[in-house]
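*Asks:* no sequence on this one, just coordinates:
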């Protein structure tokens, strides 16, 4: 579902806002909806095969990852509503289901927050906790797109709840890395999902713009916070990259696929979209924002293409390994 989120924000936030290629947007929207259906079916299969708890629930930290289901469903709902207006009723039906999923997810996360402390798992936390904010704010975007009139109090409620989740999650994550800095190494223990530290703020700002629930001054404050955290996190990422190249070499440090890398595509796309739609408060910010947009319009799609290529390479390698195992068992007459 993180891939659905990434492709969705680039389709709606980057390509739609900047290029406006309607046919390409429709094609990508259909692809994204197909991916969403496929992943949803996979989740259902895990449930019916009684593997759901083992895969998604047994580890309290991994439970936060269910937030990608909510956010991925939200972006699909938005794409359906915008790209295929004749399917508006389908978008509403999916949104009803998504609100229910979000409510269950929040209850699961509240329990997980308590378990992190009781089971002493705080030393393993990372940016996945911030999916509580991402999923909550994604519903504000759904409401502003799918429904014509939403009470401002409802928008304020979801925005405030999302910010509360952000403050709690960010506190736990920062505490992990700063309380005992000698107990972890940046090349091994700094997670890709930590980029959600700025991505969660970006989607909060975007939700504020779309819902018209926050003043321009408030939106600029959110953007400044997101930009500062973006700079800090990405400086850490560059330093981490240098360390990983020294430890593992170029191929293993960069050209290796990991599921969590989709979070980087999503957060970069979200920061670009938020920046593009933000009205600058004064000239200095305006210059900075224009530079971000100029660079980001090419960097973000390129990042998506790179991630797709890494996934394709990974998929081919896994297929070849499985084929070799199959041929080996066949030659030895081992039951398959």
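*Replies:* That came through, no problem. Small disclaimer: the values here were computed from a predicted structure and weren't measured.

*Asks:* against residue 56, how distant is residue 63?
*Replies:* Look at residue 63 and residue 56: by Cβ to Cβ, to the nearest Å, they are 7 Å apart. To be clear about C-beta, it is placed using only N, CA and C from the backbone, and glycine gets the same treatment.

*Asks:* who's more crowded, these two?
*Replies:* Ranked by neighbour count (other Cβ atoms under 10 Å), residue 63 and residue 56 place residue 63 first, with 20 against 17.

*Asks:* if I pick the closest residue to the more buried one other than its chain neighbours, what's in contact with it?
*Replies:* Distances taken as Cβ to Cβ, 6 or more residues apart in numbering place residue 112 nearest to residue 63, at 4.8 Å, with adjacent residues excluded. Residue 112 makes contact with 60-61, 63-64, according to Cβ atoms under 8 Å, 6 or more residues apart in numbering.

*Asks:* how close does residue 112 get to residue 31?
*Replies:* 32 Å.

*Asks:* looking at the chain, which helix or strand is least sure?
*Replies:* Least confident helix or strand, the chain: helix 52 with a mean of 73, by mean pLDDT, DSSP states H and E.

*Asks:* so after that one, what's the next helix or strand?
*Replies:* Counting by DSSP states H and E, the next helix or strand C-terminal to helix 52 is helix 60-63.

*Asks:* the next helix or strand after that next one packs against which elements?
*Replies:* As assigned by DSSP H and E, the chain's next helix or strand after helix 60-63 is helix 67-83. Applying 3 or more Cβ pairs under 8 Å, 6 or more residues apart in numbering; DSSP states H and E, one finds that helix 67-83 makes contact with helix 2-9, helix 22-48, helix 88-118, helix 131-146.

*Asks:* can I get those helices in TSV including mean pLDDT and distance to residue 194?
*Replies:* Shown next, in TSV, are the helices and strands packed on helix 67-83 (pLDDT from 0 to 100; distance: least, Cβ to Cβ, whole Å):
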stretch	mean pLDDT	distance to residue 194
helix 2-9	84	14
helix 22-48	82	24
helix 88-118	90	16
helix 131-146	93	12
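
*Asks:* would you list these in CSV and tack on distance to residue 287?
*Replies:* Converted to CSV, these look like this (distance: least, Cβ to Cβ, whole Å):
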stretch, distance to residue 287
helix 2-9, 25
helix 22-48, 30
helix 88-118, 38
helix 131-146, 28
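
*Asks:* and of the ones you listed, who's closest to residue 316?
*Replies:* Ranking these by proximity to residue 316 (Cβ to Cβ) places helix 2-9 first, at 17.1 Å.

*Asks:* list the helices and strands that closest one packs on?
*Replies:* helix 22-48, helix 67-83, helix 262-277, helix 283-331.

*Asks:* residue 240: which of those is closest?
*Replies:* helix 262-277 (12.0 Å).

*Asks:* quick one: contacts for residue 61?
*Replies:* The neighbours of residue 61, taking Cβ under 8 Å, 6+ apart as the test, are 112, 116, 121, 124-126, 128-129.

*Asks:* what's the pLDDT at it?
*Replies:* According to the prediction, residue 61 has pLDDT 87.

*Asks:* and residue 197, by the same measure?
*Replies:* 93.

*Asks:* cool, residue 65 as well?
*Replies:* 89.

*Asks:* count the neighbours of it for me.
*Replies:* By other Cβ under 10 Å, the residues close to residue 65 number 18.

*Asks:* with residue 234 instead?
*Replies:* Residue 234: 16 neighbours (other Cβ under 10 Å).

*Asks:* do the same with the one 10 residues further on
*Replies:* Other residues within reach of residue 244 by the criterion other Cβ under 10 Å amount to 19.

*Asks:* now swap in residue 289 and tell me
*Replies:* Using other Cβ under 10 Å, residue 289 has 19 other residues around it.

*Asks:* test my guess that it contacts residue 278.
*Replies:* Yes. If you go by Cβ atoms under 8 Å, residue 289 and residue 278 touch, sitting 6.6 Å apart.
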